[in-house]
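Enquirer: build me a model from this:
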Amino acid sequence: MRRAAKWIGWILAVLIGVPIVLVIVVLIGANTGPGRRAIERLTPKLTGDTVRLAGISGRFPDALRVAHVDLRDPGGDYATADDLSLDWSPMQLLHRTIVIDRLAAAHIDVMRMPASSSSTSSNSYSLPAPVVLRDLQVARVDVGAPIAGTAAAMAVNGSGELTTLTQGHVALTVQQLDGSGS
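Expert: Predicted structure coming up:
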C-alpha cells in the first residue's frame, strides 16, 4: 500500500510539475533575444504566412512591443503596423475576460482589403471571451484609396468593451490628419 501511494505521489508530481516547468521555460525563453527571434521565425509558419513580426521586445506576456507587423494574403501585404504596444492583464483570463490596458501604434497602413477566403464564412468568427479595451492610441492611420475611395490619414484614440463581435460599446475619437475633419 505504501509503495502504491509513493507511485501515485510521483505521478501527480510529474503531472503537475511538468506543465508548470514548461510555462516557466516559455516565459523565460520569450523574454530572451533568442526566444524572441524564434517567435519571429515561427509566426509566419504557424499563421500560414499571414502574419510577420519583426523587432519583438518588452516583457512577455503582459507588456509586449513589436517594431513592425505585416498582415498578408496571397497578393502580399494588405496592412502593416509600426511600433505596436500591448499592455494587458493575463491574470484576467482567470475571470474569462480579456482586459487590454493599452493598445497603441505609431503608424498603421491599411492599403487594401484582404483577399477573401472561400473556406471560411463571415459567421464563423467569434470572440474567445469578452474584451475590455481601456485605452487605444494610434498616432497615424493611413487608409488606402481602394478602401475609402480616396486616401485618408487620421489619428485614432478610444476605448471600448465587446461581449461578442456584434454586442458592446466603443468610444472613438478620429482626427483627420490631412484635413480639418474629426
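Enquirer: help me confirm that residue 35 is found in a helix?
Expert: Yes - when DSSP: H, G, I helix; E, B strand; the rest coil is applied, residue 35 is found to be in a helix.
Enquirer: contact partners of stretch 37-44?
Expert: Identification of contacts with stretch 37-44 by C-beta atoms under 8 Å, 6 or more residues apart in numbering yields 29, 30, 50, 51, 52, 53, 54, 56. Every C-beta, even on glycine, is put in place using the N, C-alpha and C of the backbone.
Enquirer: which strands and helices sit next to whichever helix in the chain runs longest?
Expert: Secondary structure of the chain per DSSP state H: the longest helix is helix 2-29. Helices and strands touching helix 2-29, by 3 or more C-beta pairs under 8 Å, 6 or more residues apart in numbering; DSSP states H and E, are helix 33-46.
Enquirer: can I get the helix it packs on as CSV, trimmed to CA atoms?
Expert: The C-alpha trace of helix 33-46 is given here as CSV (Å, rounded to 0.1, in the frame of the first residue of the first chain):
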residue,chain,number,x,y,z
GLY,A,33,16.8,37.6,-27.5
PRO,A,34,17.0,34.0,-29.0
GLY,A,35,13.4,33.3,-27.8
ARG,A,36,12.1,36.5,-29.4
ARG,A,37,13.8,35.7,-32.7
ALA,A,38,12.3,32.2,-32.6
ILE,A,39,8.9,33.7,-32.2
GLU,A,40,9.5,36.0,-35.1
ARG,A,41,10.7,33.0,-37.2
LEU,A,42,7.8,30.7,-36.2
THR,A,43,4.9,33.2,-36.5
PRO,A,44,4.8,33.1,-40.4
LYS,A,45,4.9,29.3,-40.3
LEU,A,46,2.2,29.0,-37.7
